[in-house]
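**Student:** dropping a prediction and its sequence here:
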Amino acid sequence: MASIELKNVVKSFGSFFGVQDVSLDIADEEFLVLLGPSGCGKTTTMRMIAGLEQPTGGEIRIGGNVMNEVDARDRDVAMVFQGYALYPNMSIYENIRFPLRMRRIPRDKHDSLVRRAADMVELGPFLERKPGALSGGQRQRAALARAIVRQPQVFLMDEPLSNLDAKLRASMRVQIKHMQRDLKVTTVYVTHDQIEAMTLADRIVIMNKGIIQQIGTPDEIYSNPANTFVAGFIGSPPMNLVSGSAQGGIFSASGVKVACPATLSGQVTLGFRPEDCLIGGENLQGTVYGIEPTGDITYLSVRTPERTFEIKAGRDFRAKIDSTVSIGFDPSRLYYFDADGNRIGV
Ligand code: ATP
């Protein structure tokens, strides 16, 4: 069993807290993604699990055993980073085999382990080549094969796909997901790319400024964001957020008016997703600031005197810049947040 537990883990650099009081239970075989903007503490959290960084406080367990004082080499974790650091003078075969030699795994087992790992990432035909004779995606797969060859208890991956182009990233995502399902290895994956997080994760941990903002399945994070940070981070474009006032069952802000629960009153923030809008409704009045047809979706920016909203319209929607437009909201998909940015459970 390779569950991972973080209990009140803190990492400070001088007076600055890179990670603040992080508590997290990662189940055996779970694929957990740490997601957040640059500097939010995701890499530091992962490096503490790896043993490359010593926590300032709190406890880290792997498989039930406290790891705080255990050397990185003895934690039985395999890591994959964005710079895939293959040895250029070694063949792909030797690169993948390297961890077996380092760990003094009996020689007679090497060949079958290397070939199994290579087959898993479809690199079987390339084993004799040197890294320089492979494409970026193939090199990245070789790095993955090197991580999986000795079947560790835990995989730690830090933005492993960020050097690849969009198409390769998409196909590598599918491959990583398959590989993790087949090997059933507990995996912690760090990214700032929400598509990667949504497609790969069993659960996502969203961090900001060293603090966990929400933990949940991709569906929960998208459908039930806990606060304005999560709401404004997830989605492409993310949720529109506008502060205004609620009174007598009506929320209003400049250019925006919508029926809201009568229990709401005073200053609140309304959230609605670009995809939950209908052209021609009566909740938002503004002028067309930008229009971007992309084939299947037309992205529309609508300006009110105070701000700009992002709307997803149908593929055939067209409008002139500066023309007036009215938008309706899906009433079942409205979100309200209090003055601290926390979701109001209405
Ligand atoms: P990115 O996506 O840019 O890699 P991240 O979320 O992985 O960001 P971390 O690398 O975990 O962020 O860093 C968290 C915070 O801790 C950042 O503000 C960073 O500047 C700070 N930090 C990290 N390592 C050190 C260090 N050795 N000394 C001082 N500050 C550090």
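**Tutor:** Yep, that arrived. Please read all numbers here as calculations on a predicted model, not as lab measurements.
**Student:** hey, let's count contacts and neighbours off CA atoms from now on
**Tutor:** OK.
**Student:** okay, and the residue nearest to the spatial centre of the chain sits in which element?
**Tutor:** The residue lying closest to the centre of the chain (Cα atoms, centre = their mean) is A197, at 3.1 Å. Element membership for A197 (DSSP states H and E) is helix 194-200.
**Student:** quick check: the residue nearest to the centre of the chain touching I204?
**Tutor:** Yes - using Cα atoms under 8 Å, A197 makes contact with I204 at a distance of 6.7 Å.
**Student:** on that earlier part again, chain center to the helix holding A197, what's the gap?
**Tutor:** Relative to the centre of its chain, helix 194-200 is centred 5 Å away, using Cα atoms, centre = their mean, to the nearest Å.
**Student:** interface residues of the stretch 1-150 of the chain facing the ligand?
**Tutor:** Proximity of the stretch 1-150 of the chain to the ligand, by Cα under 6 Å from any ligand atom, involves residues 13, 18, 37-44.
**Student:** may I ask which of these has the most neighbours?
**Tutor:** K42 (29 neighbours; other Cα atoms under 10 Å).
**Student:** so which of the residues of the stretch 1-150 of the chain next to the ligand comes closest to P238?
**Tutor:** P37 (13.7 Å; Cα to Cα).
**Student:** check contacts around the closest one.
**Tutor:** Neighbouring residues of P37 by Cα atoms under 8 Å, 6 or more residues apart in numbering: 192, 207-208.
**Student:** doesn't it belong to a strand?
**Tutor:** No - assigned with DSSP: H, G, I helix; E, B strand; the rest coil, P37 falls outside any strand and is coil.
**Student:** restricted to strands, list the residues of the stretch 1-150 of the chain next to the ligand.
**Tutor:** Among those, the ones falling in strands (DSSP state E) are 13, 18.
**Student:** gap between stretch 163-183 and the chain center?
**Tutor:** Worked out by Cα atoms, centre = their mean, stretch 163-183 lies 14 Å from the chain centre.
**Student:** run through who's touching it.
**Tutor:** 31, 82-83, 120-121, 136-137, 151, 161-162, 186-187, 196, 199-200.
**Student:** also stretch 91-106?
**Tutor:** Applying Cα under 8 Å, 6+ apart, the set of residues contacting stretch 91-106 is 86-87, 107, 110, 114, 118, 126-131, 142-143, 145-147, 149-150.
**Student:** picking up where we left off before, please enumerate the shared neighbours of A197 and I204.
**Tutor:** Common contacts of A197 and I204 (Cα under 8 Å, 6+ apart): 33-35, 218.
**Student:** A helix includes R116, no?
**Tutor:** Yes - under three-state DSSP, R116 falls within a helix.
**Student:** contacts only, for it.
**Tutor:** Contacts of R116 by Cα under 8 Å, 6+ apart are V149.
**Student:** G249 now?
**Tutor:** 259-264.
**Student:** so which of the residues you listed is the most crowded?
**Tutor:** Neighbour tally across those (other Cα under 10 Å): the maximum, 21 neighbours, falls on C260.
**Student:** so it makes contact with G244?
**Tutor:** No - C260 lies out of contact with G244 (Cα under 8 Å); the separation is 11.8 Å.
**Student:** which residues do the two both contact?
**Tutor:** With Cα under 8 Å, 6+ apart, C260 and G244 have common neighbours F251.
**Student:** what's the local residue count around the closest residue to G235 other than its chain neighbours?
**Tutor:** Spatially, and ignoring its direct neighbours in sequence, G235 is nearest to Y222 (7.4 Å; Cα to Cα, 6 or more residues apart in numbering). By other Cα under 10 Å, the residues close to Y222 number 19.
**Student:** and for S135?
**Tutor:** 11.
**Student:** contact partners for the nearest residue to Q247 once chain neighbours are set aside?
**Tutor:** In space, and not counting its chain neighbours, Q247 is closest to S265: 5.0 Å by Cα to Cα, 6+ apart. Applying Cα under 8 Å, 6+ apart to S265 gives the contacts 245-248.
**Student:** just the buried ones from these?
**Tutor:** Listed as buried from these are 245-247; burial here means 16 or more other Cα atoms under 10 Å.
**Student:** what's around R141, how many residues?
**Tutor:** 24.
**Student:** my guess is the residue nearest to G235 meets G232, correct?
**Tutor:** No - with contact defined as Cα under 8 Å, Y222 does not count as touching G232 (10.4 Å).
**Student:** quick revisit: and the pLDDT at the residue nearest to Q247?
**Tutor:** Note on S265: pLDDT of 94.
**Student:** how about Y84?
**Tutor:** pLDDT, Y84: 64.
**Student:** just A145 next, same as before
**Tutor:** Per the predicted model, pLDDT is 89 at A145.
**Student:** so which elements touch the host helix or strand of it?
**Tutor:** Following DSSP H and E, one finds A145 within helix 136-148. Packing partners of helix 136-148 (3 or more Cα pairs under 8 Å, 6 or more residues apart in numbering; DSSP states H and E): strand 77-81, helix 92-102, helix 107-120.
**Student:** please report the distance of the one residue in the stretch 101-250 of the chain that gets nearest to the ligand from I49.
**Tutor:** Closest contact between the stretch 101-250 of the chain and the ligand, by Cα to the nearest ligand atom, is at H192 (6.0 Å). Computed as Cα to Cα, to the nearest Å, the H192 to I49 distance reads 19 Å.
**Student:** could you do E275 as well?
**Tutor:** 38 Å.
**Student:** can I get the contacts of G249 in TSV including distance to the ligand?
**Tutor:** Below are the contacts of G249 laid out as TSV (distance: Cα to the nearest ligand atom, whole Å):
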residue	distance to the ligand
A259	39
C260	36
P261	37
A262	40
T263	38
L264	35
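**Student:** appreciated, that's everything.
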